[in-house]
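**Student:** below is the sequence, then the predicted model.
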Amino acid sequence: MARLAKKVAIITGAGGGVGRAAALRFADEGAAVAAVDVNPDACAATVRRVEAGGGAALCIAADVSVEADCARMVTTAEAEFGSLHVLFNNAGVFHPDDGDAVETTAAVWQETMAVNALGVFLGCKYGIPALRRAGGGAIINTASFVARMGAAVPQIAYTASKGAVLALTRELAVFHAREGIRVNALCPGPLQTEMLASVLDTDAKRERRLTHIPMGRFGLVEEIAEAAVWLASDESSYTTGAEFMVDGGITAAYLTPE
């Protein structure tokens, strides 16, 4: 039997990267997917790929930093599919002007926090009542390995926003555990994505980052999607409040082998 059969999932940031990969894998495992993205064209493209594979999906154009949009994405998913069982708060941004505490502007800080931290809070604010109506479910919040160890390059707003996701995840997990709602943080390491490419824009920068990853390579969005499937499924029924590291060993390493 498919691992997510008869489940309905909202995935934010589903227009590309980890979100799109997760939408495809969730659908492969039997879930009906409400794909949410601020870019409606990218969102629609994800839905077309899900449907081409025989899955059920709905495109919802929404900005997770806007409260009304988050409320609407939940009500729309419930109206279309009847219930909600999985909420994957995956949408995130990395601002090109994010730097150290002295150089980063308040506007960059606020924009980053609005999507990466407030967006997770708002998703939970409106998603949790829907999960209650369904009798329980799973929340997955995308954090990052940098929330555990700090970044090798200045990116103060992004790092702090992902630390906020970890703290939010822990509190939600404890508070809602007796309701059958599991809440876990998914912490990817450096991935082969457009976001990372914008930061590591030279061979020297890429090689410097790779020296810190014991596995010696960047991760794939498909590998993060596989972890999300497990956290969404009943296979992880005794897992809540976890910081689920999928990072090639980077948070375990002090020095990597020559």
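**Tutor:** On my side now, so go ahead.
**Student:** am I right that I213 is in a helix?
**Tutor:** No: counting by DSSP: H, G, I helix; E, B strand; the rest coil, I213 falls outside a helix, being coil.
**Student:** ok, how many other residues are close to it?
**Tutor:** Neighbours of I213 under the rule other CB atoms under 10 Å: 19. Glycine gets a C-beta too; all of them are placed from N, C-alpha and C.
**Student:** which residues are in contact with the closest residue to it other than its chain neighbours?
**Tutor:** With sequence-adjacent residues excluded and distances taken as CB to CB, 6 or more residues apart in numbering, I213 is closest to G248, at 4.5 Å. Under the criterion of CB atoms under 8 Å, 6 or more residues apart in numbering, the contact list for G248 reads G189, P190, I213, P214, M215, G216, R217, F218, G219.
**Student:** 7 Å - rerun?
**Tutor:** Under the criterion of CB atoms under 7 Å, 6 or more residues apart in numbering, the neighbours of G248 are G189, I213, P214, M215, R217, G219.
**Student:** distance of the third one relative to L166?
**Tutor:** Spelled out, it's P214. 22 Å (CB to CB, to the nearest Å).
**Student:** swap in R25?
**Tutor:** 24 Å.
**Student:** those two: which is more packed in?
**Tutor:** Under the criterion of other CB under 10 Å, the comparison of R25 against L166 puts R25 first, with 22 against 17.
**Student:** and the strands in the stretch 101-250 of the chain, which stretches?
**Tutor:** If you assign secondary structure with DSSP state E, counting those that start in this stretch, the strands in the stretch 101-250 of the chain sit at 137-142, 181-188, 243-246.
**Student:** extract the CA atoms of the last one and return them as CSV.
**Tutor:** Coordinates of the C-alpha atoms in strand 243-246 are reproduced here as CSV (Å, rounded to 0.1, in the frame of the first residue of the first chain):
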residue,chain,number,x,y,z
GLU,A,243,15.5,18.1,14.3
PHE,A,244,15.8,15.7,11.4
MET,A,245,19.2,16.2,9.8
VAL,A,246,19.7,15.4,6.1
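**Student:** what's the mean pLDDT across it?
**Tutor:** Here strand 243-246 scores 97 as its mean pLDDT.
**Student:** centre-most residue in the protein?
**Tutor:** Against the mean C-alpha coordinate of the chain, by CA atoms, centre = their mean, the closest residue is N90 at 2.4 Å.
**Student:** from Y126, how far out is R49?
**Tutor:** 26 Å.
**Student:** cool, R20 as well?
**Tutor:** Distance, R20 to Y126, using CB to CB: 23 Å.
**Student:** pick out whichever of the two has more residues nearby.
**Tutor:** Using other CB under 10 Å as the criterion, R20 and Y126 rank with R20 on top: 24 against 21.
**Student:** was I right about the more buried one contacting A14?
**Tutor:** Yes: taking CB atoms under 7 Å as the contact criterion, R20 and A14 are neighbours in contact, 5.9 Å apart.
**Student:** which residues are common contacts for those two?
**Tutor:** With contacts defined as CB under 7 Å, 6+ apart, the residues shared by R20 and A14 are T46.
**Student:** longest helix of this structure, counting residues only.
**Tutor:** Of all the segments of type helix in the chain, defined by DSSP state H, the longest one is helix 156-176.
**Student:** which strands and helices sit next to that one?
**Tutor:** Taking 3 or more CB pairs under 7 Å, 6 or more residues apart in numbering; DSSP states H and E as contact, the helices and strands that helix 156-176 lies on are helix 106-113, helix 119-133, strand 137-142, helix 146-149, strand 181-188.
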